[in-house]
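Novice: Quick one, structure for this:
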Amino acid sequence: MLILDTCVIVFDALAPERLSAAAAAAIEKEELEGVLACSDISLWEIAMLVEHGRLSAGTDVEDFIRLALAARSIAVLPISPAIACRSTVVPIHRDPADRIIAATAIVNECRLVTADEALRSSRAVPTLW
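Specialist: Have a look, this model is predicted:
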């Protein structure tokens, strides 16, 4: 299973050319096996980006999120007690959403597909870009 960071969901839906070749190939491969997922906090992040004018979804944000998830059959993983606890100690920057996304990958023993340099350089979570 691959965990998709919020930016990857957005890039894949609106600007796939922004995905790295390795990320695009891994997403394609894992989609065929039905093992793409994201943290539920990514849905909130997308809604906040639209609400604050940092992202234009081209449609109602709720519809955009549903379509983006359905297009790749992305499973949404809830914040479990293990994820909540791990997010408080994961050695990355202070952004709470990124901490939850990283903890989701760690607890589920998955790679995180992300363009976020801070997450990639932290080595706290296995990443792919």
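Novice: who's in contact with the lowest-mean-pLDDT helix or strand in the chain?
Specialist: Within the chain, confidence by mean pLDDT, DSSP states H and E is lowest for helix 117-122 among all helices and strands, at a mean of 91. Residues outside helix 117-122 that contact it (Cβ atoms under 8 Å, 6 or more residues apart in numbering) are 5, 91-93, 98, 101-102, 112, 114, 125, 127, 129. C-beta: built from backbone N, CA, C; applies to glycine.
Novice: make it 10 Å
Specialist: For helix 117-122, contacts defined as Cβ atoms under 10 Å, 6 or more residues apart in numbering pick out 5, 7, 90-93, 95, 98-99, 101-102, 105, 112, 114, 116, 125-129.
Novice: Parallel or antiparallel, which strands does the next helix-or-strand element following that helix pair with?
Specialist: Counting by DSSP states H and E, the element after helix 117-122 in chain order, helix or strand, is strand 127-128. With DSSP bridges as the test, strand 127-128 is paired with strand 111-113 (parallel).
Novice: Not counting its own residues, what contacts the partner strand?
Specialist: 1-5, 7-9, 11-12, 19-20, 22-24, 26-27, 30, 36, 38-39, 98, 101-102, 104-106, 119-120, 124-129.
Novice: Restricted to buried residues, select those in ChimeraX.
Specialist: Per 16 or more other Cβ atoms under 10 Å, the buried members of these correspond to this ChimeraX selection:
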select :2,3,4,5,7,8,9,11,12,19,23,24,26,27,30,36,38,39,98,101,102,104,105,106,119,120,124,125,127,128,129
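Novice: so of the contacts of strand 111-113, which ones are in strands?
Specialist: Counting by DSSP state E, the contacts of strand 111-113 place 2-4, 36, 38-39, 127-128 in strands.
Novice: Out of the residues you listed, which comes closest to S73?
Specialist: The closest of the ones in strands among the contacts of strand 111-113 to S73 turns out to be L36 (Cβ to Cβ; 6.6 Å).
Novice: Which parts of this protein are helices?
Specialist: With DSSP state H as the definition, the chain shows helices at residue ranges 6-14, 21-32, 41-51, 61-72, 81-87, 96-107, 117-122.
Novice: Packed most tightly, which of those helices would that be?
Specialist: Burial of these is given as mean neighbour count (mean count of other Cβ atoms under 10 Å); helix 96-107 ranks first at a mean of 23.
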